[in-house]
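In: I would like to see how this sequence folds:
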Amino acid sequence: MDSKNRVQWVYSSSDNKELEERYNKWAKDYDKDLEKDFEYKAPKIAAEYLAKYINTEHLILDAGAGTGLVGEILARMGFKHIMAMDMSQGMLDEARKKYVYKELHRMILGEHLNFSTGTFDAVICVGTLTLGHAPATSLDELVRVTKPGGYIVFTLRPDIYEEKGFKKLQNELESDGKWELIEVCEPFQTLPKGEPDVYHQVWVYKVK
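Out: Numbering: from 1, shown residues only. Predicted coordinates:
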């Protein structure tokens, strides 16, 4: 199976169990597929947005960390306190080999996260709030585990934002005083070589 078919195979998973199993199988080829074959841009762009608002001593949760591409970039930027969570143990096993995370946890976005309220200074979530993956309700838990005054940075496809409940929930969290929108970037090609028609935006919120 080539890299493009592998991506489509994973995204066609029918439920979380199948999604986890497919990510476990993809884990060893994931970095090569996305970085070499697809020129995956989102981890670097999102990390640069996060770095505008926090310092290198802050505690960061990489939610949906996968093999640790985001953590690796943050570590190169000087961030020292990063924790990873992902639904796939196979992906976390690959992330562990990068030696950039203080802790790694197997948890599922969209379910209760086993972290205390207000644990993190910031949360970053790249490529996970998308088709067949974490639902809009994942944002409730990301807000809960972030300290007041902390930041949440995530990538989201414009069509997913409009059609899958994100717009409604993001606006509700703002009107309920849970967070405030700091900035959102213009759409950019996430996978310019592999899926040039797919665009994402980076959203930055500050938790209240």
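In: how about the lengthiest strand in the chain: buried residues?
Out: Under DSSP state E, the strand in the chain containing the largest number of residues is strand 195-207. Using 16 or more other Cβ atoms under 10 Å as the test for burial, strand 195-207 gives 198, 200, 201, 202, 203, 204, 205, 206, 207. For every residue, glycine as well, the C-beta is placed using N, CA and C.
In: and for stretch 33-49?
Out: By neighbour count with 16+ other Cβ under 10 Å, stretch 33-49 contains the buried residues 33, 34, 37, 38, 40, 41, 42, 43, 45, 46, 47, 49.
In: just stretch 71-87 next, same as before
Out: 71, 72, 73, 74, 75, 79, 82, 83, 84, 85, 86, 87.
In: end-to-end on it?
Out: 16 Å (Cα to Cα, to the nearest Å).
In: what's the burial count for residue 17?
Out: Residue 17 has 10 neighbours, counted by other Cβ atoms under 10 Å.
In: so which of the buried residues of stretch 71-87 is the closest to residue 15?
Out: Relative to residue 15, the closest of the buried residues of stretch 71-87 is residue 87; by Cβ to Cβ it sits at 11.4 Å.
In: wait, doesn't the closest one sit right on residue 106?
Out: Yes - at 6.8 Å, residue 87 and residue 106 qualify as touching, with contact defined as Cβ atoms under 8 Å.
In: so which of the buried residues of stretch 33-49 comes closest to residue 141?
Out: residue 46 (18.8 Å).
In: contacts only, for the residue most central in space within the chain.
Out: In the chain, the C-alpha nearest the mean C-alpha coordinate belongs to residue 125, at 2.2 Å (Cα atoms, centre = their mean). Residues near residue 125 by Cβ atoms under 8 Å, 6 or more residues apart in numbering: 62, 63, 64, 109, 134, 138, 142, 152, 153, 154, 155.
In: could you point out which element follows the helix or strand of the chain with the lowest mean pLDDT?
Out: Ranked by mean pLDDT, DSSP states H and E, the helix or strand of the chain with the weakest confidence is helix 3-11, at a mean of 61. Downstream of helix 3-11, the first helix or strand assigned by DSSP states H and E is helix 16-31.
In: packing partners of that following helix?
Out: Under the contact criterion of 3 or more Cβ pairs under 8 Å, 6 or more residues apart in numbering; DSSP states H and E, helix 16-31 touches helix 3-11, helix 89-96.
In: pLDDT weak spots in the chain?
Out: Residues of the chain meeting the criterion pLDDT under 70: 1-14, 19-20, 36.
In: can you pull out the helices in it?
Out: Remark: helices assigned in the chain by DSSP state H are 3-11, 16-31, 42-51, 69-76, 89-96, 138-144, 158-163, 166-175.
In: would you turn those helices into a markdown table with distance to residue 129?
Out: Listed next are those as a markdown table, based on distance: least, Cβ to Cβ, whole Å:
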| stretch | distance to residue 129 |
| --- | --- |
| helix 3-11 | 13 |
| helix 16-31 | 14 |
| helix 42-51 | 11 |
| helix 69-76 | 14 |
| helix 89-96 | 16 |
| helix 138-144 | 6 |
| helix 158-163 | 7 |
| helix 166-175 | 7 |
